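# turn this into a structure:
(one chain, ligands or ions: 2)
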Amino acid sequence: MTRDLLVMDRVIKRFGGLKAVGGDAGLSFAVPEGTFLGLIGPNGAGKSTTFNLISGVLKPDSGAVVLDGVDLSRARAPQIAALGLGRTFQTPRAFSSLSVLDNVIVGADNSGETIGSAVFGRWRADERALRDKAAAVLARVGLADRVADCVGNLSGGELRMLEVARQLVRDPKILLLDEPTAGVDPSLQAKLSRILVDLHAEGRTLIVVEHNLHFLLQIADSVVVLQNGQLLSKGTPSEIKADEKVITAYLGTEHAA
Ligand SMILES: Nc1ncnc2c1ncn2[C@@H]1O[C@H](COP(=O)(O)OP(=O)(O)OP(=O)(O)O)[C@@H](O)[C@H]1O
Ligand SMILES: [Mg+2]
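Numbers count the residues shown, from 1 in each chain. Ligands and ions are numbered 1, 2, ... in the order given. Here you go, the predicted model:
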């Protein structure tokens, strides 16, 4: 049996009086290590809030989020950082005054000394290695010819790929991607799809939120469907596509198996 890397145990998160995640009973599901989980559901279903709970950005009002055996409500920030979680945001975030390459280098290391010396060009041997690694992940996401560009010159789709590169350079054990294909053209989408399949084959745990089900359901091995913050269904992509509840609430008939 593979162990569960993530356990959501009766999690409830409210904003004001409104329950964004969990309804009355709380949201529960477990993600075994090495899973490629697709997290889907209508707008406002609670997907991004769930990501914020899994990354420790938000604390649940009740219930527990346990990542690699660590209850995130009780953990301190460095302990959460040491768990090896990478995430991208629904709206890409980047340091607009830095080059594409420096954005990845800054993402790779959170010790102030290295950031300072990296940005100001005082390279040490390990920083040279970091620079090479950053260039390699940028090549992997299709941005090899943009390394020296200012981030402000990137298209929306390229910015999303930069976000992915900034996470890959940190070798995350678990990677959360929030709508990675939004605004990304078909050729970069195909590249992203191959990268995710490779990361999955390497044994990493992936959780990907997508409205592009054609993209996601071909590559995920497991799917959680949220509606109104609650678990509507969980299963393999084929099971989800055939689930009447999911078809009615979200998929519509064109996705039915
Ligand atoms: N910071 C916040 N303050 C107040 N309400 C919030 C906040 N963040 C999310 N919500 C609300 O919580 C609910 C779930 O939002 P969430 O962003 O998690 O949905 P989502 O499934 O990611 O939707 P989308 O597909 O549109 O990105 C929504 O009703 C949203 O308006
Ligand atoms: Mg969202």
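# for the closest residue to E163 other than its chain neighbours, what are its contacts?
Among residues not flanking E163 along the chain, T88 sits closest, at 4.2 Å (Cβ to Cβ, 6 or more residues apart in numbering). All C-beta atoms are positioned from the backbone trio N, CA, C, and that covers glycine. By Cβ atoms under 8 Å, 6 or more residues apart in numbering, the contact set of T88 is 160, 163-164, 166-167, 176-178, 180.
# just these: which are in strands?
Of the positions in those, 176-178 sit in strands, assigned by DSSP state E.
# need these in CSV (columns: pLDDT).
Converted to CSV, those look like this (pLDDT from 0 to 100):
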residue, pLDDT
L176, 96
L177, 96
D178, 96
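# and the residue of the stretch 51-200 of the chain found nearest ligand 1, how many residues sit next to it?
Per Cβ to the nearest ligand atom, Q90 is where the stretch 51-200 of the chain lies closest to ligand 1, at 5.6 Å. Per other Cβ atoms under 10 Å, the neighbour tally for Q90 reads 13.
# for the residue nearest to it when sequence neighbours are not counted, list each beta-bridge partner.
Excluding its sequence neighbours, the residue lying closest to Q90 (Cβ to Cβ, 6+ apart) is D178, at 4.3 Å. Taking DSSP bridges as the rule, D178 bridges to V209.
# which regions of this protein sit below the pLDDT cut-off?
1, 109-125, 253-257 (pLDDT under 70).
# residues from it in reach of ligand 2?
47-48, 90 (Cβ under 5 Å from the ion).
# let's see that with 6 Å instead.
Residues of the chain lying close to ligand 2 (Cβ under 6 Å from the ion) are 47-48, 90, 178.
# dump those residues into JSON lines; add secondary structure as well.
Converted to JSON lines, the residues of the chain next to ligand 2 look like this (DSSP: H, G, I helix; E, B strand; the rest coil):
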{"residue": "K47", "secondary structure": "helix"}
{"residue": "S48", "secondary structure": "helix"}
{"residue": "Q90", "secondary structure": "coil"}
{"residue": "D178", "secondary structure": "strand"}
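# residues near the residue in the chain positioned nearest to ligand 2, how many?
In the chain, no residue comes nearer to ligand 2 than S48, which is 3.1 Å away by Cβ to the ion. Using other Cβ under 10 Å, S48 has 19 neighbouring residues.
# hang on, it packs against L176?
No: the criterion here is Cβ atoms under 8 Å, and S48 misses it with L176 at 9.9 Å.
# follow-up on the earlier one: ok, the residue of the chain closest to ligand 2 to P186 distance?
Distance, S48 to P186, by Cβ to Cβ, to the nearest Å: 25 Å.
# what's the answer for L143, then?
17 Å.
# those two: which has the busier surroundings?
L143 (24 against 10).
# what residues are up against the more buried one?
Counting by Cβ under 8 Å, 6+ apart, L143 has contacts 100, 158, 161-162, 165.
# quick one: which of the residues you listed is nearest to I40?
M161 (21.6 Å; Cβ to Cβ).
# residues shared between the contacts of S48 and L176?
Common neighbours of S48 and L176 (Cβ under 8 Å, 6+ apart) are V209.
# counting by contacts, list what the strand or helix carrying L199 packs against.
Here L199 sits within helix 186-201, counting by DSSP states H and E. Packing partners of helix 186-201 (3 or more Cβ pairs under 8 Å, 6 or more residues apart in numbering; DSSP states H and E): helix 156-168, strand 205-209, helix 213-219.
# reformat those as TSV; add mean neighbour count.
Output for the helices and strands packed on helix 186-201, formatted as TSV (neighbours: other Cβ atoms under 10 Å):
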stretch	mean neighbour count
helix 156-168	23
strand 205-209	25
helix 213-219	17
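# go through the ones you listed and name the closest to R3.
The nearest among the helices and strands packed on helix 186-201, by Cβ to Cβ, is strand 205-209 at 10.9 Å.
# neighbouring contacts of stretch 243-254?
For stretch 243-254, contacts defined as Cβ under 8 Å, 6+ apart pick out 40-42, 213, 225, 227, 232-233, 235, 240-241, 255-256.
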